[in-house]
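Asker: Next comes the sequence, and after it the predicted model I'd like to discuss.
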Amino acid sequence: MILVVHAHPYPRRSRANRALVDAVREMPTVEVRSLYDLYPGFDIDTAAEQRALEEAKLVVLLHPLYWYTTPALLKHWFDVVLVKGWAFGDGGTALEGKDCLWAVTTGGDEQAFGAEGRHHLPLAAFAPVVEQTMRFCGMRWQEPFVVHGAHLIPDAEMQAAATRFRARLQELSV
């Protein structure tokens, strides 16, 4: 099973995240958990989230890049779901050996992420916190899936990205 943990604070306004979710939602082995729809008051059902993670072979963290990291609810999800004794530490092996795919969308185009770009660093410079969190839980980090310029790219490019996303999930689920 593939678990897509979707964390966009404004999911109905998100062109890119909506396209990516729509591309995989109907796959028979995919469960999409849209955190901002499920937990608008940030009161996360830890047991339900842990059950979903236990069933997954592949965990996809899908979100826009927010101030160079995850949106607040996904960070809170890390804090209350990935707990000691379950996800790490003594007896914390629930996620051991599962694959993790970071699927991130950015407002800036690819050139914005580089020494000469607006952000002065490559996108990879913003991955370590998420990557290390997942690795600390024993997960296998996969090469991230990125859509740059999410609100700028033409519809055809957005649809092509959604098709690539679906194909990537299919590839990783084999």
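Answerer: Right, received. Where do you want to start?
Asker: who's in contact with R15?
Answerer: By Cβ atoms under 8 Å, 6 or more residues apart in numbering, the contact set of R15 is A150, H151, M158. All C-beta spots, glycine's among them, are computed from the backbone N, C-alpha and C.
Asker: do Q142 as well
Answerer: D99, C100, L101, W102, L172.
Asker: same thing but at 7 Å, please
Answerer: Q142 makes contact with D99, C100, L101, L172, according to Cβ atoms under 7 Å, 6 or more residues apart in numbering.
Asker: Can you give me the distance of the second one to P71?
Answerer: Right, C100. Separation of C100 from P71 (Cβ to Cβ, to the nearest Å): 17 Å.
Asker: Same question for N17.
Answerer: Following Cβ to Cβ, the distance that separates N17 from P71 is 10 Å.
Asker: And for the chain, the residue most distant from the center?
Answerer: The outermost residue of the chain relative to its centre, with distances by Cα atoms, centre = their mean, is E116 at 27.0 Å.
Asker: So the residue positioned nearest the centre of the chain, which state does it fall into?
Answerer: For the chain, the residue nearest the mean C-alpha position is L61 (1.6 Å; Cα atoms, centre = their mean). Classification of L61 using DSSP: H, G, I helix; E, B strand; the rest coil returns strand.
Asker: With that, I have no additional questions.
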